[in-house]
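A.B. asks: here are the coordinates; sequence isn't available:
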């Protein structure tokens, strides 16, 4: 009986590890935030990116990597990965690349750049990505859900990572979790200003 339980647990652990390796290393943590509208992922290699764009009809790619974009604009030769990704995205006709480099917790200037992309219906469907698809991309996906879909803050926080309350950066007492719980939409801020 104990041997059967240990074998079953071993199979479950191996399946979990296998899924994790697939998600991170093969599928680049690609998943829908809202199916057909917004997707999130880690960095997809430039040679694979056009296939994702075509498969999901993506019109815009928002790159959250490399905060401090002034240096990238002024010295693009120092960022060959930026050039390779931008070239791959724009190789698919009608697809736009947006560099919205963000720290782990965005400031208002970064949020304004993100909203400028997301406010334009011509940019959808959108792929939002960071390096690994485990921090900033889920955070910005949750911001999208709160800001544009009316999802309650705590629900969006929990949906950002499947184990949000098990010690992840999205737990209620961690930085990203606190940020999402305290996040106020532009509409909420406007109402507070008008009181």
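C.D. replies: Nice, thanks for sending it over. Predicted, not measured: the structure shown is a model, and the values here were computed from it.
A.B. asks: contacts and neighbour counts: CA atoms only from here.
C.D. replies: Fine.
A.B. asks: pLDDT of the helix or strand where residue 109 lies, averaged?
C.D. replies: Per DSSP states H and E, residue 109 falls inside helix 108-118. Mean pLDDT, helix 108-118: 96.
A.B. asks: Likewise for stretch 132-149?
C.D. replies: Stretch 132-149 shows a mean pLDDT of 95.
A.B. asks: What residues of it count as buried?
C.D. replies: 132-147 (16 or more other Cα atoms under 10 Å).
A.B. asks: Low-confidence bits of this protein, can you list those?
C.D. replies: 1-3, 5-27, 68-79, 164-165 (pLDDT under 70).
A.B. asks: sorry, back to before: can you tell me which of the buried residues of stretch 132-149 are in helices?
C.D. replies: Judged by DSSP state H, helices contain the following of the buried residues of stretch 132-149: 136-147.
A.B. asks: Now for the nearest residue to residue 182 once chain neighbours are set aside, how many residues are close by?
C.D. replies: Ranked by Cα to Cα, 6 or more residues apart in numbering and with sequence neighbours excluded, the top spatial neighbour of residue 182 is residue 153, at 7.8 Å. A count of neighbours around residue 153, defined by other Cα atoms under 10 Å, yields 22.
A.B. asks: what does residue 107 give?
C.D. replies: By other Cα under 10 Å, 10 other residues sit near residue 107.
A.B. asks: With residue 145 as the reference, measure out to it.
C.D. replies: Look at residue 107 and residue 145: by Cα to Cα, to the nearest Å, they are 18 Å apart.
A.B. asks: Equivalent analysis for residue 169, please.
C.D. replies: Distance, residue 169 to residue 145, using Cα to Cα: 18 Å.
A.B. asks: Closest to the centroid, which residue in this structure?
C.D. replies: With distances taken as Cα atoms, centre = their mean, the residue of the chain nearest its centroid is residue 137 (1.8 Å).
A.B. asks: residues contacting that one?
C.D. replies: Residue 137 is in contact with 40-42, 64, 128-130, counting by Cα atoms under 8 Å, 6 or more residues apart in numbering.
A.B. asks: Please work out how many residues are found near the closest residue in space to it that isn't next to it in sequence.
C.D. replies: Of all residues not flanking residue 137 in the chain, residue 129 sits nearest, at 5.0 Å (Cα to Cα, 6+ apart). By the criterion of other Cα under 10 Å, residue 129 has 29 neighbours.
A.B. asks: Thank you, goodbye.
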